[in-house]
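Participant: Okay, predicted coordinates and the sequence, questions at the end:
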Amino acid sequence: MPEGHTIHRLAEDHLARFGGRPVRARSPQGKFSDSAALLDGRVLDTVDAHGKHLFLGFGDTGWVHIHLGLFGKVGFGDAPAPPPTDTVRLRLASDTAYMDLRGPTTCALITEPEKRAIHERLGPDPLRARPDGTGAPTGTGDDGERAWARISRSRTTVAALLMDQKVIAGVGNVYRAEVLFRHGIDPYRAGKDLTRSEWDAIWADLVALMREGVRHNRIDTVRPEHTPEAMGRPPRVDDHGGEVYVYRRARMPCLLCGTGIRTETLAARNLFWCPGCQAR
DNA sequence: AATGCATGCGCAG
DNA sequence: TGCGCCTGCATTA
């Protein structure tokens, strides 16, 4: 499940469920036992998310840094919490709720400087962009400038650049495929051959799409005129929920032009695109 | 029961 | 470029 929208949503959900109250912390699976003991009885007072990194702030005790990797999952439930299974890396529990974390790549108790170092190696995050119309001071949120500086000088493909967390943080395999489709860009185009206006449109689109992703807790990328209802086609049946144009639609006809969706492995990940709609 | 696969990433070579 | 890591689920036998 984890692209940036999942992580930002998890940050909100942790704060809503556990914020401001002491939590019980355990690591049934064992790898986080020592840190869980330090956290036990502490108060969650802040949360933060940058790209696919989640941070749970416990005051002077430090930050729990979580990265879900490919398989990591968080499950929430209401009290009373059932006995955890032995794959639960971290269980947090309050009087009203519990959370089980399984299979993360990272779950570690870190310091403020260590947290800062993580932010420094990540590119701008569309979900950390300054929301429009809030009157927030300019320059307080992420924007696409730093990403553009890298992309516009790079001979690497746009597809690879979008997945590079140092270039832009939070985009994963689904948003990558979908945003390139939405802008008619061939994934193999070199970064330096992207135009400034194309990049600006991509960044703005990611800000909007990923915010919707946080809101609905799933990835939907089809425009209103291309929804199953609008087109009179059956909704997507496969597991991952959201309505998309190309992701995991290999060999199926493009919703817009009917060309067969292509797939190829790029840097060990499955890339999907429509050769009819996406030009070089 | 065994195998394959996944919305990720870091490392060795 | 390929491998290992972490887990759960669907598919295959």
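Facilitator: All right, it came through fine. Numbers count the residues shown, from 1 in each chain, chains lettered A, B, ... in the order given.
Participant: Residue A:23 and residue A:39 touch, don't they?
Facilitator: Yes - using Cβ atoms under 8 Å, residue A:23 makes contact with residue A:39 at a distance of 7.3 Å. Heads up, the C-betas are built off the backbone N, CA and C, glycines and all.
Participant: Name the residue of the stretch 101-250 of chain A with the shortest distance to DNA strand B.
Facilitator: residue A:172 (2.4 Å; Cβ to the nearest atom of the strand).
Participant: State the phi and psi torsions of the closest residue to that residue other than its chain neighbours.
Facilitator: Nearest residue to residue A:172, sequence neighbours excluded (Cβ to Cβ, 6 or more residues apart in numbering): residue A:3, at 3.5 Å. Torsion angles at residue A:3 (phi, psi; degrees, to the nearest 10) stand at phi -120, psi -180.
Participant: and residue A:3, how far is that from residue A:55?
Facilitator: 17 Å (Cβ to Cβ, to the nearest Å).
Participant: how about the residue in the stretch 51-200 of chain A that DNA strand C sits nearest to, what does it touch?
Facilitator: Here the stretch 51-200 of chain A gets closest to DNA strand C at one residue, residue A:103, 2.9 Å apart by Cβ to the nearest atom of the strand. By Cβ atoms under 8 Å, 6 or more residues apart in numbering, residue A:103 lies in contact with A:68, A:69, A:71, A:72, A:73, A:87, A:89.
Participant: Show me what the helix or strand containing residue A:117 is packed against.
Facilitator: Mapping residue A:117 onto the secondary structure by DSSP states H and E places it in helix A:112-120. Packing partners of helix A:112-120 (3 or more Cβ pairs under 8 Å, 6 or more residues apart in numbering; DSSP states H and E): strand A:46-50, strand A:63-67.
Participant: and the last one, which strands flank it?
Facilitator: Spelled out, that is strand A:63-67. strand A:53-57 (antiparallel), strand A:106-110 (antiparallel) (DSSP bridges).
Participant: What residues does the stretch 51-200 of chain A have near DNA strand C?
Facilitator: A:69, A:70, A:71, A:72, A:73, A:85, A:87, A:89, A:102, A:103, A:105 (Cβ under 7 Å from any atom of the strand).
Participant: Give me the buried entries from those.
Facilitator: By neighbour count, with 16 or more other Cβ atoms under 10 Å, these hold A:72, A:89, A:102, A:103 as buried.
Participant: Mind pulling the model confidence for the last one?
Facilitator: Think residue A:103. Residue A:103 carries a pLDDT value of 97.
Participant: Please enumerate the strands of chain A.
Facilitator: Counting by DSSP state E, chain A has these strands, from start to end: A:24-26, A:46-50, A:53-57, A:63-67, A:73-78, A:88-93, A:97-102, A:106-110, A:262-266, A:269-273.
Participant: Of these, which is nearest DNA strand B?
Facilitator: strand A:269-273 (4.6 Å).
Participant: Let me see the domain layout of chain A.
Facilitator: A:4-121, A:128-273 (automatic domain parsing).
Participant: Could you check how many residues crowd around residue A:210?
Facilitator: 23 (other Cβ atoms under 10 Å).
Participant: just residue A:173 next, same as before
Facilitator: 19.
Participant: any idea how far residue A:117 is from the closest residue in space to it that isn't next to it in sequence?
Facilitator: Nearest residue to residue A:173, sequence neighbours excluded (Cβ to Cβ, 6+ apart): residue A:269, at 5.4 Å. Distance from residue A:269 to residue A:117, counting by Cβ to Cβ: 26 Å.
Participant: related to what we said a few turns ago, how far is the helix holding residue A:117 from where the chain is centred?
Facilitator: Here helix A:112-120 shows a centroid-to-chain-centroid distance of 19 Å under the convention Cα atoms, centre = their mean, to the nearest Å.
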